[in-house]
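Peer 1: Predicted model follows, preceded by the sequence.
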Amino acid sequence: GEEQLRCFRECLQEAMCEHYKHHWFPLVPSKGSGYRCIRINHKMDPLIGRAAEMIGLSHERLFQLLPSELTLWVDPFEVSYRIGEDGSICVLYESPQPGGKAAKQLESRTSCKEEWRIGRSSPSKSYNMMTVSS
């Protein structure tokens with residue numbers, strides 16, 4: 001229900017804030033990207049699992065509600081996801097970076113998401129970025 005969803009959202013947000021507090025770098029958004037990557041790959045990501053437990057939602061029910069394979073990249077200024085191993089990467093949330101291109105030049109590494117896209121040796125499909133808006 002709506003109330004349970006609101007509680008889950010708040011618990012997940014709280015868990016993420018605590019988990020990411022020493023791994024959040026707005027001036028270099030890709031730094032720590034691998035640490036902030038949330039994965040469900042037939043195993044529940046601990047952050048999602050903890051939030052579900054806090055509201056009394058079982059892992060079995062959570063697996064019924066969420067895809068069995070989900071990757072979520074939570075970076076400053078952008079949240080992206082992919083459903084399945086061969087799915088397209090979709091932008092769920094995006095905001096402008098302060099300082100624009102100057103801030104972008106401070107990045108010295110690629111993000112976890114970019115490393116995955118570049119490092120894949122023989123993709124079975126073409127990967128496109130897609131923005132999801134409401």
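Peer 2: Nice, I can see it. Numbers count the residues shown, from 1 in each chain.
Peer 1: So for stretch 40-59, mean pLDDT?
Peer 2: Here stretch 40-59 scores 92 as its mean pLDDT.
Peer 1: Start and end of that stretch, how far apart?
Peer 2: Using C-alpha to C-alpha, to the nearest Å, one end of stretch 40-59 lies 12 Å from the other.
Peer 1: Next: stretch 80-89.
Peer 2: Using C-alpha to C-alpha, the end-to-end distance of stretch 80-89 comes to 7 Å.
Peer 1: Please point out which parts of that stretch sit buried.
Peer 2: Along stretch 80-89, these residues count as buried under the neighbour rule (16 or more other C-beta atoms under 10 Å): 80-83, 87, 89. From N, CA and C alone the C-beta is placed, and that goes for glycine too.
Peer 1: Minimum pLDDT in those, which residue is that?
Peer 2: Among those, pLDDT bottoms out at Gly87, giving 92.
Peer 1: circling back to that earlier point, let me have the buried residues of stretch 80-89 in TSV, adding distance to Val28 and secondary structure as columns.
Peer 2: Listed next are the buried residues of stretch 80-89 as TSV, based on distance: C-beta to C-beta, whole Å; DSSP: H, G, I helix; E, B strand; the rest coil:
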residue	distance to Val28	secondary structure
Ser80	17	strand
Tyr81	22	strand
Arg82	23	strand
Ile83	28	strand
Gly87	27	coil
Ile89	21	strand
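Peer 1: could you redo those residues as CSV and give each row distance to Phe63?
Peer 2: Output for the buried residues of stretch 80-89, formatted as CSV (distance: C-beta to C-beta, whole Å):
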residue, distance to Phe63
Ser80, 22
Tyr81, 17
Arg82, 18
Ile83, 14
Gly87, 18
Ile89, 22
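Peer 1: now the chain, which segments are flagged as low pLDDT?
Peer 2: For the chain, applying pLDDT under 70 flags the ranges 100-134.
Peer 1: Longest helix in it, please.
Peer 2: As assigned by DSSP state H, the longest helix anywhere in the chain is helix 2-20.
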